[in-house]
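# sharing a model that was predicted from the sequence below.
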Amino acid sequence: MSSNEIKTPAPRRLPGNLKVIALIIVAIAGAVVAYGLISRSRDKAALVSQAQERLIPIVKVIQPASRADAQPLTLPGTLQAFYSATVYARVSGYLKHWSVDIGAPVKSGQQLADIETPELDQQLKQSEANLETALANERLTEITSKRWQHLLASDSVSQQEADEKSGDYDAKKALSSAARADVDRLRVLESFKRITAPFDGVVTARKTDIGALINAGHDSGHELFTVADVHKLRLYVNVPQSYANLIQVGMKAKLDVPEHPGQTFDALLANNSRSVSEGSGTILVELEVDNKDGKLLPGEYGNVHFDLPRDMKAVQVPASALSFRKEGLTIATLTPDNRVAFRVVKISHDLGTVVEIDSGLAATDRLIDNPPDSLENGDQVRPAAEPAPSSTASAGGAKS
(Lines give C-alpha, C1' and ligand atoms only; values in the text may rest on other atoms or scores of the structure.)
Protein backbone atom coordinates (compact mmCIF):
# COMPACT_ATOMS: atom_id res chain seq x y z
CA MET A 1 0.00 0.00 0.00
CA SER A 2 1.37 3.32 -0.98
CA SER A 3 1.74 6.21 1.29
CA ASN A 4 -0.72 8.23 -0.86
CA GLU A 5 -3.66 5.96 -0.22
CA ILE A 6 -6.15 7.31 2.33
CA LYS A 7 -7.49 4.94 4.79
CA THR A 8 -11.33 5.03 5.16
CA PRO A 9 -12.34 4.50 8.68
CA ALA A 10 -14.75 1.64 9.31
CA PRO A 11 -18.47 2.66 10.00
CA ARG A 12 -19.41 2.88 13.58
CA ARG A 13 -22.31 0.80 14.75
CA LEU A 14 -24.94 2.29 17.03
CA PRO A 15 -25.39 0.71 20.27
CA GLY A 16 -28.56 -1.41 20.68
CA ASN A 17 -30.29 1.02 23.07
CA LEU A 18 -30.21 3.79 20.47
CA LYS A 19 -32.22 1.66 18.05
CA VAL A 20 -34.93 1.21 20.60
CA ILE A 21 -35.10 4.92 21.19
CA ALA A 22 -35.46 5.59 17.45
CA LEU A 23 -38.28 3.11 17.14
CA ILE A 24 -40.10 4.71 20.05
CA ILE A 25 -39.76 8.14 18.45
CA VAL A 26 -41.13 6.83 15.16
CA ALA A 27 -44.05 5.19 16.98
CA ILE A 28 -44.81 8.38 18.88
CA ALA A 29 -44.76 10.40 15.66
CA GLY A 30 -47.11 7.89 14.04
CA ALA A 31 -49.44 8.03 17.04
CA VAL A 32 -49.48 11.82 16.91
CA VAL A 33 -50.34 11.76 13.22
CA ALA A 34 -53.03 9.13 13.75
CA TYR A 35 -54.49 11.05 16.68
CA GLY A 36 -54.56 14.20 14.58
CA LEU A 37 -56.35 12.44 11.77
CA ILE A 38 -58.88 10.85 14.13
CA SER A 39 -59.43 14.13 16.00
CA ARG A 40 -59.95 16.00 12.74
CA SER A 41 -62.43 13.34 11.60
CA ARG A 42 -64.30 13.64 14.89
CA ASP A 43 -64.38 17.42 14.59
CA LYS A 44 -65.72 17.16 11.07
CA ALA A 45 -68.44 14.70 12.16
CA ALA A 46 -69.32 16.94 15.09
CA LEU A 47 -69.56 19.97 12.84
CA VAL A 48 -71.80 18.09 10.43
CA SER A 49 -73.99 16.91 13.31
CA GLN A 50 -74.13 20.41 14.76
CA ALA A 51 -75.10 21.85 11.38
CA GLN A 52 -77.83 19.27 11.06
CA GLU A 53 -79.09 20.05 14.57
CA ARG A 54 -79.18 23.73 13.73
CA LEU A 55 -81.35 22.98 10.72
CA ILE A 56 -84.02 21.48 13.03
CA PRO A 57 -86.34 24.37 14.05
CA ILE A 58 -86.87 25.07 17.70
CA VAL A 59 -90.55 25.52 18.58
CA LYS A 60 -92.53 26.55 21.64
CA VAL A 61 -94.68 23.69 22.85
CA ILE A 62 -97.95 24.23 24.72
CA GLN A 63 -100.87 22.06 25.78
CA PRO A 64 -104.61 22.73 25.44
CA ALA A 65 -106.47 23.86 28.53
CA SER A 66 -109.49 21.86 29.61
CA ARG A 67 -111.84 23.80 31.89
CA ALA A 68 -114.92 22.46 33.62
CA ASP A 69 -115.99 25.72 35.24
CA ALA A 70 -118.70 28.01 33.86
CA GLN A 71 -118.00 29.92 30.69
CA PRO A 72 -118.37 33.69 31.20
CA LEU A 73 -120.20 35.71 28.55
CA THR A 74 -120.76 39.48 28.76
CA LEU A 75 -123.16 41.24 26.41
CA PRO A 76 -124.76 44.72 26.31
CA GLY A 77 -128.40 44.97 27.29
CA THR A 78 -131.16 47.59 27.37
CA LEU A 79 -133.63 48.11 30.21
CA GLN A 80 -137.29 48.86 29.57
CA ALA A 81 -140.26 49.38 31.84
CA PHE A 82 -142.24 46.28 32.68
CA TYR A 83 -145.38 48.09 31.47
CA SER A 84 -145.45 51.37 29.59
CA ALA A 85 -148.58 53.12 28.32
CA THR A 86 -148.95 56.26 26.26
CA VAL A 87 -152.12 58.10 27.30
CA TYR A 88 -154.16 59.78 24.54
CA ALA A 89 -157.40 61.77 24.74
CA ARG A 90 -160.67 60.05 23.84
CA VAL A 91 -162.57 63.36 23.55
CA SER A 92 -161.73 66.67 21.92
CA GLY A 93 -161.59 69.94 23.81
CA TYR A 94 -159.18 72.10 25.79
CA LEU A 95 -156.99 71.02 28.68
CA LYS A 96 -158.54 72.47 31.78
CA HIS A 97 -155.72 71.53 34.17
CA TRP A 98 -153.15 68.81 34.88
CA SER A 99 -152.38 67.46 38.35
CA VAL A 100 -149.15 65.42 37.96
CA ASP A 101 -145.82 66.08 36.31
CA ILE A 102 -142.91 63.93 35.16
CA GLY A 103 -141.37 61.71 37.82
CA ALA A 104 -144.53 61.66 39.93
CA PRO A 105 -145.65 58.24 41.22
CA VAL A 106 -149.30 57.52 40.46
CA LYS A 107 -151.85 54.87 41.36
CA SER A 108 -154.20 53.10 39.03
CA GLY A 109 -157.22 55.35 38.30
CA GLN A 110 -155.57 58.47 39.72
CA GLN A 111 -156.54 61.64 37.85
CA LEU A 112 -153.82 63.09 35.66
CA ALA A 113 -155.69 65.93 33.92
CA ASP A 114 -159.13 67.33 33.03
CA ILE A 115 -160.39 68.25 29.56
CA GLU A 116 -163.03 70.91 28.99
CA THR A 117 -165.47 69.76 26.24
CA PRO A 118 -168.23 72.34 25.56
CA GLU A 119 -169.34 70.68 22.32
CA LEU A 120 -169.64 67.27 23.94
CA ASP A 121 -171.61 68.77 26.82
CA GLN A 122 -174.13 70.28 24.42
CA GLN A 123 -174.41 67.00 22.52
CA LEU A 124 -175.19 65.21 25.76
CA LYS A 125 -177.88 67.72 26.70
CA GLN A 126 -179.46 67.41 23.28
CA SER A 127 -179.35 63.63 23.47
CA GLU A 128 -180.97 63.64 26.88
CA ALA A 129 -183.76 65.89 25.53
CA ASN A 130 -184.25 63.51 22.61
CA LEU A 131 -184.53 60.67 25.07
CA GLU A 132 -187.23 62.50 27.02
CA THR A 133 -189.18 63.11 23.79
CA ALA A 134 -188.85 59.48 22.79
CA LEU A 135 -190.04 58.29 26.19
CA ALA A 136 -193.06 60.62 26.05
CA ASN A 137 -194.02 59.34 22.61
CA GLU A 138 -193.53 55.79 23.83
CA ARG A 139 -195.88 56.34 26.77
CA LEU A 140 -198.53 57.92 24.54
CA THR A 141 -198.45 55.13 21.98
CA GLU A 142 -198.54 52.56 24.78
CA ILE A 143 -201.76 54.06 26.17
CA THR A 144 -203.28 54.32 22.71
CA SER A 145 -202.41 50.72 21.91
CA LYS A 146 -204.03 49.46 25.11
CA ARG A 147 -207.22 51.46 24.44
CA TRP A 148 -207.52 50.05 20.93
CA GLN A 149 -207.09 46.58 22.29
CA HIS A 150 -210.10 47.13 24.60
CA LEU A 151 -212.11 48.55 21.71
CA LEU A 152 -211.20 45.54 19.61
CA ALA A 153 -212.69 43.28 22.25
CA SER A 154 -216.10 44.99 21.78
CA ASP A 155 -215.77 45.04 17.98
CA SER A 156 -215.69 48.86 18.01
CA VAL A 157 -212.51 48.96 15.82
CA SER A 158 -211.11 46.66 13.22
CA GLN A 159 -208.21 44.29 13.78
CA GLN A 160 -206.17 46.27 11.27
CA GLU A 161 -206.49 49.50 13.24
CA ALA A 162 -205.62 47.76 16.49
CA ASP A 163 -202.50 46.22 14.91
CA GLU A 164 -201.41 49.60 13.58
CA LYS A 165 -201.59 51.14 17.06
CA SER A 166 -199.67 48.23 18.52
CA GLY A 167 -196.99 48.51 15.83
CA ASP A 168 -196.69 52.26 16.43
CA TYR A 169 -196.09 51.55 20.09
CA ASP A 170 -193.31 49.07 19.27
CA ALA A 171 -191.66 51.59 16.94
CA LYS A 172 -191.74 54.32 19.57
CA LYS A 173 -190.27 51.94 22.11
CA ALA A 174 -187.40 51.16 19.74
CA LEU A 175 -186.76 54.87 19.25
CA SER A 176 -186.61 55.29 23.00
CA SER A 177 -184.03 52.51 23.23
CA ALA A 178 -181.93 54.18 20.52
CA ALA A 179 -182.13 57.55 22.28
CA ARG A 180 -181.16 55.92 25.57
CA ALA A 181 -178.15 54.23 23.92
CA ASP A 182 -177.02 57.56 22.48
CA VAL A 183 -177.24 59.16 25.93
CA ASP A 184 -175.23 56.32 27.44
CA ARG A 185 -172.59 56.69 24.71
CA LEU A 186 -172.18 60.41 25.34
CA ARG A 187 -172.08 59.90 29.10
CA VAL A 188 -169.23 57.40 28.62
CA LEU A 189 -167.41 59.96 26.48
CA GLU A 190 -168.02 62.52 29.21
CA SER A 191 -166.16 60.24 31.62
CA PHE A 192 -163.10 60.46 29.35
CA LYS A 193 -162.82 64.16 30.14
CA ARG A 194 -161.04 62.93 33.24
CA ILE A 195 -157.61 61.56 32.21
CA THR A 196 -156.52 58.81 34.62
CA ALA A 197 -153.51 56.54 35.13
CA PRO A 198 -153.97 53.05 33.64
CA PHE A 199 -151.92 51.32 36.36
CA ASP A 200 -149.55 52.00 39.25
CA GLY A 201 -146.34 53.55 38.03
CA VAL A 202 -144.39 56.71 37.34
CA VAL A 203 -145.20 59.54 34.93
CA THR A 204 -142.27 59.57 32.53
CA ALA A 205 -143.60 62.17 30.06
CA ARG A 206 -146.10 65.06 30.02
CA LYS A 207 -146.68 66.57 26.59
CA THR A 208 -149.54 68.99 27.17
CA ASP A 209 -150.34 72.10 29.14
CA ILE A 210 -153.29 74.17 30.33
CA GLY A 211 -155.33 75.62 27.47
CA ALA A 212 -153.86 73.29 24.84
CA LEU A 213 -156.22 72.13 22.10
CA ILE A 214 -156.87 68.42 22.51
CA ASN A 215 -157.83 66.23 19.56
CA ALA A 216 -159.33 62.84 20.26
CA GLY A 217 -157.69 59.66 19.05
CA HIS A 218 -154.24 58.41 18.14
CA ASP A 219 -154.09 59.56 14.54
CA SER A 220 -155.31 63.14 14.86
CA GLY A 221 -153.98 63.91 18.33
CA HIS A 222 -150.74 63.55 20.23
CA GLU A 223 -149.97 61.80 23.48
CA LEU A 224 -150.69 63.62 26.72
CA PHE A 225 -148.80 61.49 29.25
CA THR A 226 -146.66 58.38 29.42
CA VAL A 227 -146.94 56.17 32.47
CA ALA A 228 -144.43 53.38 33.19
CA ASP A 229 -144.52 50.57 35.71
CA VAL A 230 -140.92 50.32 36.96
CA HIS A 231 -141.26 48.08 40.03
CA LYS A 232 -139.79 45.43 37.72
CA LEU A 233 -137.86 46.00 34.50
CA ARG A 234 -137.47 44.02 31.31
CA LEU A 235 -133.86 43.56 30.15
CA TYR A 236 -133.37 42.84 26.45
CA VAL A 237 -130.12 41.29 25.18
CA ASN A 238 -129.06 40.24 21.68
CA VAL A 239 -127.22 36.93 22.02
CA PRO A 240 -124.95 35.71 19.17
CA GLN A 241 -126.22 32.67 17.32
CA SER A 242 -123.24 30.54 18.42
CA TYR A 243 -124.49 30.72 22.02
CA ALA A 244 -128.16 30.07 21.21
CA ASN A 245 -128.16 26.47 22.44
CA LEU A 246 -126.61 27.53 25.78
CA ILE A 247 -129.21 30.21 26.59
CA GLN A 248 -132.12 28.61 28.41
CA VAL A 249 -135.22 30.10 30.02
CA GLY A 250 -134.82 30.17 33.79
CA MET A 251 -131.06 30.76 33.90
CA LYS A 252 -129.70 33.59 36.02
CA ALA A 253 -127.47 36.50 35.05
CA LYS A 254 -125.88 39.59 36.58
CA LEU A 255 -126.35 43.18 35.44
CA ASP A 256 -124.15 46.19 36.06
CA VAL A 257 -124.85 49.78 34.99
CA PRO A 258 -122.46 52.75 34.69
CA GLU A 259 -124.14 54.88 37.35
CA HIS A 260 -123.68 52.19 40.04
CA PRO A 261 -120.04 51.07 39.70
CA GLY A 262 -119.14 47.95 41.62
CA GLN A 263 -122.78 46.96 42.15
CA THR A 264 -124.57 44.16 40.35
CA PHE A 265 -128.26 43.32 40.04
CA ASP A 266 -129.82 39.88 39.69
CA ALA A 267 -131.66 39.07 36.48
CA LEU A 268 -133.69 36.04 35.45
CA LEU A 269 -134.07 34.94 31.83
CA ALA A 270 -137.83 34.89 31.16
CA ASN A 271 -138.28 34.65 27.38
CA ASN A 272 -136.40 33.66 24.25
CA SER A 273 -137.48 34.86 20.81
CA ARG A 274 -136.52 31.50 19.24
CA SER A 275 -135.64 33.38 16.08
CA VAL A 276 -132.36 34.60 14.61
CA SER A 277 -132.32 38.14 13.27
CA GLU A 278 -131.20 38.16 9.64
CA GLY A 279 -129.59 41.56 10.02
CA SER A 280 -127.49 40.94 13.15
CA GLY A 281 -127.32 37.14 13.41
CA THR A 282 -128.43 37.30 17.03
CA ILE A 283 -131.29 36.00 19.15
CA LEU A 284 -133.29 38.41 21.30
CA VAL A 285 -133.77 37.26 24.89
CA GLU A 286 -135.72 38.94 27.68
CA LEU A 287 -134.70 38.97 31.33
CA GLU A 288 -136.57 40.35 34.33
CA VAL A 289 -134.85 42.55 36.92
CA ASP A 290 -136.40 43.46 40.27
CA ASN A 291 -136.43 47.22 40.82
CA LYS A 292 -138.36 47.78 44.03
CA ASP A 293 -135.76 50.23 45.29
CA GLY A 294 -135.97 52.24 42.05
CA LYS A 295 -132.21 52.33 41.41
CA LEU A 296 -132.55 51.24 37.79
CA LEU A 297 -134.14 53.40 35.13
CA PRO A 298 -136.02 52.33 32.00
CA GLY A 299 -134.19 53.09 28.78
CA GLU A 300 -130.67 52.79 30.18
CA TYR A 301 -128.07 50.27 29.07
CA GLY A 302 -125.83 47.95 31.03
CA ASN A 303 -123.58 44.90 30.81
CA VAL A 304 -125.19 41.51 31.28
CA HIS A 305 -122.97 38.70 32.59
CA PHE A 306 -123.92 35.09 31.86
CA ASP A 307 -122.29 31.96 33.26
CA LEU A 308 -122.80 29.44 30.47
CA PRO A 309 -122.20 25.70 30.84
CA ARG A 310 -119.07 24.46 29.11
CA ASP A 311 -118.74 21.61 26.64
CA MET A 312 -116.71 18.99 28.51
CA LYS A 313 -115.13 17.81 25.23
CA ALA A 314 -114.00 21.30 24.22
CA VAL A 315 -110.51 22.61 24.93
CA GLN A 316 -109.05 26.10 24.86
CA VAL A 317 -105.92 27.12 22.98
CA PRO A 318 -104.25 30.47 22.26
CA ALA A 319 -105.36 32.06 19.01
CA SER A 320 -101.66 32.23 18.04
CA ALA A 321 -101.61 28.43 17.71
CA LEU A 322 -104.00 28.54 14.75
CA SER A 323 -102.78 28.51 11.17
CA PHE A 324 -104.69 28.71 7.92
CA ARG A 325 -103.58 26.17 5.33
CA LYS A 326 -105.07 24.67 2.19
CA GLU A 327 -106.82 22.06 4.35
CA GLY A 328 -108.52 24.82 6.31
CA LEU A 329 -108.08 25.93 9.90
CA THR A 330 -105.35 23.77 11.43
CA ILE A 331 -103.23 23.37 14.53
CA ALA A 332 -99.70 21.90 14.50
CA THR A 333 -99.34 19.03 16.97
CA LEU A 334 -96.26 16.96 17.93
CA THR A 335 -95.92 13.21 17.69
CA PRO A 336 -94.02 11.32 20.43
CA ASP A 337 -90.82 11.51 18.32
CA ASN A 338 -91.22 15.31 17.93
CA ARG A 339 -92.49 15.35 14.37
CA VAL A 340 -95.11 17.77 13.09
CA ALA A 341 -98.69 16.57 12.50
CA PHE A 342 -101.22 19.17 11.37
CA ARG A 343 -104.83 18.65 12.42
CA VAL A 344 -107.92 20.30 11.03
CA VAL A 345 -109.97 21.84 13.89
CA LYS A 346 -113.25 23.67 14.34
CA ILE A 347 -113.74 26.71 16.59
CA SER A 348 -116.85 26.65 18.74
CA HIS A 349 -116.31 29.99 20.49
CA ASP A 350 -113.91 32.84 19.81
CA LEU A 351 -112.96 34.49 23.12
CA GLY A 352 -110.44 36.95 21.67
CA THR A 353 -106.88 35.87 22.49
CA VAL A 354 -108.18 32.40 23.30
CA VAL A 355 -110.38 30.15 21.18
CA GLU A 356 -112.40 27.10 22.15
CA ILE A 357 -112.03 23.99 19.98
CA ASP A 358 -114.84 21.47 20.11
CA SER A 359 -113.32 18.81 17.84
CA GLY A 360 -109.93 17.68 16.61
CA LEU A 361 -107.92 18.08 19.82
CA ALA A 362 -107.51 16.43 23.21
CA ALA A 363 -106.23 17.92 26.43
CA THR A 364 -103.18 15.58 26.32
CA ASP A 365 -101.98 16.76 22.89
CA ARG A 366 -98.81 18.81 22.51
CA LEU A 367 -99.19 21.86 20.30
CA ILE A 368 -96.81 24.26 18.58
CA ASP A 369 -97.48 27.86 19.47
CA ASN A 370 -97.15 30.29 16.55
CA PRO A 371 -95.91 27.63 14.07
CA PRO A 372 -93.68 28.85 11.19
CA ASP A 373 -95.24 28.82 7.75
CA SER A 374 -92.40 26.62 6.48
CA LEU A 375 -93.40 23.63 8.62
CA GLU A 376 -94.86 20.62 6.86
CA ASN A 377 -96.30 17.34 8.05
CA GLY A 378 -93.57 15.00 9.26
CA ASP A 379 -90.92 17.71 9.80
CA GLN A 380 -88.58 17.14 12.75
CA VAL A 381 -88.63 19.89 15.38
CA ARG A 382 -87.09 20.43 18.79
CA PRO A 383 -89.18 21.79 21.66
CA ALA A 384 -87.61 24.90 23.15
CA ALA A 385 -87.74 23.48 26.68
CA GLU A 386 -85.64 20.39 25.79
CA PRO A 387 -81.83 20.63 26.05
CA ALA A 388 -79.64 20.24 22.97
CA PRO A 389 -78.35 16.70 22.16
CA SER A 390 -75.09 15.55 23.72
CA SER A 391 -73.33 15.42 20.33
CA THR A 392 -73.32 19.17 20.24
CA ALA A 393 -71.71 19.34 23.65
CA SER A 394 -69.03 16.81 22.65
CA ALA A 395 -68.29 18.73 19.52
CA GLY A 396 -67.74 21.85 21.50
CA GLY A 397 -65.41 19.96 23.87
CA ALA A 398 -63.34 18.67 20.97
CA LYS A 399 -62.88 22.15 19.66
CA SER A 400 -61.60 23.41 22.89
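That came through, no problem.
# now do the same contact list for Tyr83.
Tyr83 is in contact with 199, 201, 228-229, counting by Cβ atoms under 8 Å, 6 or more residues apart in numbering. To be clear about C-beta, it is placed using only N, CA and C from the backbone, and glycine gets the same treatment.
# just the buried ones from those residues, in ChimeraX syntax?
In ChimeraX, a selection of the buried entries from these looks like this (16 or more other Cβ atoms under 10 Å):
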select :201,228,229
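# narrow the contacts of Tyr83 to those in strands?
Judged by DSSP state E, the subset of those located in strands is 201, 228-229.
# would CSV of the contacts of Tyr83 with distance to Val106 be doable?
Shown next, in CSV, are those (distance: Cβ to Cβ, whole Å):
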residue, distance to Val106
Phe199, 9
Gly201, 6
Ala228, 10
Asp229, 10
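# tell me the one among the contacts of Tyr83 nearest to Lys60.
Distance to Lys60, by Cβ to Cβ, is smallest for Ala228 among the contacts of Tyr83, at 57.2 Å.
# quick one: that closest one from Gly352, how far?
For Ala228, the distance to Gly352 (Cβ to Cβ, to the nearest Å) stands at 37 Å.
# right, and the helix or strand after the strand or helix carrying Ile21?
Per DSSP states H and E: Ile21 is located in helix 16-55. Proceeding N to C from helix 16-55, the next assigned helix or strand is strand 58-62, under DSSP H and E.
# which residue lies nearest the spatial centre of this structure?
For the chain, Val239 is the residue whose C-alpha lies nearest the centre (Cα atoms, centre = their mean; 2.9 Å).
# can you pull the contacts of that one?
75, 247, 282-285.
# out of those, which end up buried?
In the contacts of Val239, the ones that pass as buried (16+ other Cβ under 10 Å) are 75, 247, 282-285.
# just give me the closest of those to Ala384.
Using Cβ to Cβ, the shortest approach to Ala384 within the buried ones among the contacts of Val239 belongs to Leu75, at 38.7 Å.
# okay, and the beta partners of the closest one?
Val304 (DSSP bridges).
# got a list of what it touches?
Contacts for Leu75 (Cβ under 8 Å, 6+ apart) come out as 237-239, 303-304, 306.
# turn those into JSON lines, columns for pLDDT.
Below are the contacts of Leu75 laid out as JSON lines (pLDDT from 0 to 100):
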{"residue": "Val237", "pLDDT": "96"}
{"residue": "Asn238", "pLDDT": "95"}
{"residue": "Val239", "pLDDT": "93"}
{"residue": "Asn303", "pLDDT": "95"}
{"residue": "Val304", "pLDDT": "95"}
{"residue": "Phe306", "pLDDT": "92"}
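# so Gln159 touches Leu152, yeah?
Yes: using Cβ atoms under 8 Å, Gln159 is in contact with Leu152, at 6.5 Å.
# circling back: just the contacts of Val239 now: which is nearest Glu119?
Nearest to Glu119 among these: Leu284, at 46.2 Å, using Cβ to Cβ.
# which SS class is that closest one?
strand (DSSP: H, G, I helix; E, B strand; the rest coil).
# shift numbering so it begins at 548
All right, first residue 548 from here; so that's Leu831.
# pLDDT score assigned to the closest residue to it other than its chain neighbours?
With Cβ to Cβ, 6 or more residues apart in numbering as the criterion, Leu831 has its nearest non-adjacent residue at 4.3 Å, and that residue is Ser820. As predicted, Ser820 sits at a pLDDT of 90.
# distance check, Ser820 against Leu736.
Applying Cβ to Cβ to Ser820 and Leu736 gives a distance of 40 Å.
# what are the ranges of the helices in this protein?
Remark: helices assigned in the chain by DSSP state H are 563-602, 665-700, 706-738, 937-946.
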